[in-house]
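K.L.:
here is a sequence with its predicted model. Questions after.
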Amino acid sequence: MTSKTSYSWKLLALACTLSCSICSNAQTDVRDYQPGITEEGVTYFLPHTRLLISVTARKTTLTPGEYSAYAPKYLRLKNVPREVTEQWELLDVKIHPYGVADRNQAYTIKLNPKSAAPLVSLTPDGRLLAINTQAETEAPLPQPKVEKDNNTSRLNPNDFKTEEILAAGSTMKMAELAANEIYDIRENRSLLAKGQADFMPKDGTQLKMMMEQLDKQEAGLLMLFEGTKSSETHTFTFSYDPTSETGADVLFRFSKYFGPVSPDDLSGDPIYIKIKNITTTQAIAEEKKKKEEKDLRYIVPGKADVQIFDNQKQYAAMPVSIAQFGRVEHLGGDLFNKRFTTQVQLYSETGGIKKISGEPASE
């Protein structure tokens, strides 16, 4: 036998010895994750809490009318837009905690055939959600979206141009005739209201219909001067990582012309986020390490007061549980054995225990 073959047999014998040693342990073994020793187990991560900030804002678009240049002259209208403009309004801000896998908090549950190995539920990124039970379905986080508002006018101003307006030889003449038509509509409406019109309606219902028709005609013709207005509601999202307390970080900026913009875009005014750690629990000293190696890790999260504000007002404020402001604890290994079934549910955003229950294991 060559030395190379002898060396291979030694490696095989060592592998068999290690395999027998692992299988001889009758308990579910939980230990710090180390690459190369988790082939027979499930590696999971404790979460790191982040904040998703959803911002709702309304964009209003003003489109000038065809005769906007003549609005002051013929209708005495002021501040009529002469070009397309956009105006933004900040409506609402909400705070949504969520979790991501903390790669520095990785552990492995060893699944041995002689023990009552737990059923483990994980998130796609490996965070532990539940043991021996199904994880609860959680509401999805807000996503960016745009919704058209119902207040957008459905009138087409061109539908209200009379034959005389259409036949005019210049834009200025068309504007003059359109303005005269508006004044005629207003006069007829006034006569109807006073009961002095040449053709009075027979009853109140007919009067209402005539008034509504006049209002519609006036609104359509006014669009030729004042322009049209449309609006839509936008939802934006920003992610923030609260690693420590902060007095006033710029979360984003808001411009009445461009809406939400990045923190370094000086076209907008700053919107701040403040994080204050209000955790009151104290860390517990570690006990014997041999015992802890068979425990399940979970987090007792800390608390933070989160505020979002600008120089004039506060938009959102709420207490939030933060995983990284808390401490890692251990759930006794004797809760996971073949005589007793323990069901544990964890919060996906903090790693804290949501629910724990137990029952004797079925034979």
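P.N.:
Nice, thanks for sending it over.
K.L.:
low-confidence ranges in the stretch 251-363 of the chain?
P.N.:
In the predicted model, the stretch 251-363 of the chain carries pLDDT under 70 at residues 281-295, 332-340, 360-363.
K.L.:
now do the strands in it.
P.N.:
All strands of the stretch 251-363 of the chain, identified by DSSP state E, counting those that start in this stretch, fall at 259-261, 269-277, 296-309, 314-331, 340-346, 353-360.
K.L.:
out of those strands, the one nearest Leu214 is which?
P.N.:
Closest approach to Leu214 among those (C-beta to C-beta): strand 259-261, 37.8 Å. Every residue, glycine included, has its C-beta placed from N, CA and C.
K.L.:
and the contacts of that closest one?
P.N.:
55, 57, 59, 88, 90, 234, 236, 238, 252-255, 267-268 (C-beta atoms under 8 Å, 6 or more residues apart in numbering).
K.L.:
any idea which of the residues you listed is the one closest to Gln206?
P.N.:
Nearest to Gln206 among these: Lys59, at 40.9 Å, using C-beta to C-beta.
K.L.:
and that closest one, what are its bridge partners?
P.N.:
Counting by DSSP bridges, Lys59 is bridged to Trp88, Glu232.
K.L.:
was I right to think it contacts His234?
P.N.:
Yes: between Lys59 and His234 there is a contact at 6.1 Å, judged by C-beta atoms under 8 Å.
K.L.:
relative to Lys94, how far out is the residue nearest the centre of the chain?
P.N.:
Centroid check for the chain by C-alpha atoms, centre = their mean gives Pro142 as the closest residue, at 3.0 Å. Computed as C-beta to C-beta, to the nearest Å, the Pro142 to Lys94 distance reads 7 Å.
K.L.:
one more: Gly65?
P.N.:
Separation of Gly65 from Lys94 (C-beta to C-beta) stands at 38 Å.
K.L.:
please say which of these two ends up with more neighbours.
P.N.:
Gly65 (23 against 16; other C-beta atoms under 10 Å).
K.L.:
which of the three states applies to that one?
P.N.:
Recorded secondary structure, Gly65: coil (DSSP: H, G, I helix; E, B strand; the rest coil).
K.L.:
repeat for the one 5 residues further on
P.N.:
On the three-state scheme (three-state DSSP), Tyr70 is labelled helix.
K.L.:
distance check, it against Ala179.
P.N.:
8 Å.
K.L.:
my read is that Phe225 contacts Leu75, right?
P.N.:
Yes: counting by C-beta under 8 Å, Phe225 touches Leu75, with 5.7 Å between them.
K.L.:
okay, and the common contacts of those two?
P.N.:
Ala179.
K.L.:
show me which of these two is the more surrounded one.
P.N.:
The neighbour count for Phe225 versus Leu75, taken as other C-beta under 10 Å, is higher for Phe225 (24 against 20).
K.L.:
helix or strand for that one, which one?
P.N.:
In the assignment (DSSP states H and E), Phe225 maps to helix 204-226.
K.L.:
and the contacts of that helix?
P.N.:
Contact with helix 204-226 is made by 65-68, 70-71, 74-75, 77, 80, 153, 155-157, 159-161, 175, 178-179, 181-182, 185-186, 188-189, 192-193, 201, as judged by C-beta under 8 Å, 6+ apart.
K.L.:
re the thing from before, what helix or strand is the residue nearest to the centre of the chain on?
P.N.:
Under DSSP H and E, no helix or strand contains Pro142.
K.L.:
how close does the closest residue to Glu329 other than its chain neighbours get to Leu346?
P.N.:
Nearest in space to Glu329, with sequence neighbours left out and distances taken as C-beta to C-beta, 6 or more residues apart in numbering, is Val300 at 5.3 Å. Note on Val300: its distance to Leu346, by C-beta to C-beta, is 12 Å.
K.L.:
and Glu138, by the same measure?
P.N.:
From Glu138 across to Leu346, the span is 12 Å (C-beta to C-beta).
K.L.:
so which of the two has more stuff around it?
P.N.:
For Glu138 versus Leu346, neighbours defined as other C-beta under 10 Å are more numerous around Leu346 (26 against 12).
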